[in-house]
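Novice: what follows is a protein structure lacking sequence information:
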């Protein structure tokens, strides 16, 4: 996650506004330069592997609403 903006920018040769990442076991939002990076939690919650490596979080998903110049990001908990 720490290199996703630079790696995708080099790969595509373009400036990227938003990056959505999944399978990271927790919700997090970061801004790198002008790029918003949204890490979505796991839709089904925790599996045995996640428990084993202590990556535990409740089931959730992320929703981003684009409204004029105000972008709103929600962490929707599903438990």
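Specialist: On my side now, so go ahead. Note that the structure is predicted; figures quoted are calculated from it, not measured.
Novice: how about the secondary structure of the residue nearest to residue 32 when sequence neighbours are not counted?
Specialist: Nearest non-adjacent residue to residue 32, counting by Cβ to Cβ, 6 or more residues apart in numbering: residue 5, 4.2 Å away. All C-beta atoms are positioned from the backbone trio N, CA, C, and that covers glycine. Under DSSP: H, G, I helix; E, B strand; the rest coil, the three-state class of residue 5 is helix.
Novice: run through the residues that contact residue 5.
Specialist: 16, 19, 32, 33, 35, 37 (Cβ atoms under 8 Å, 6 or more residues apart in numbering).
Novice: scan the residues you listed and report the most crowded one.
Specialist: residue 37 (19 neighbours; other Cβ atoms under 10 Å).
Novice: just the element for it, please.
Specialist: strand 35-39 (DSSP states H and E).
Novice: show residues contacting that strand.
Specialist: Contacts of strand 35-39 (Cβ under 8 Å, 6+ apart): 1, 4-5, 15-22, 24, 26-31, 62, 64, 71, 73.
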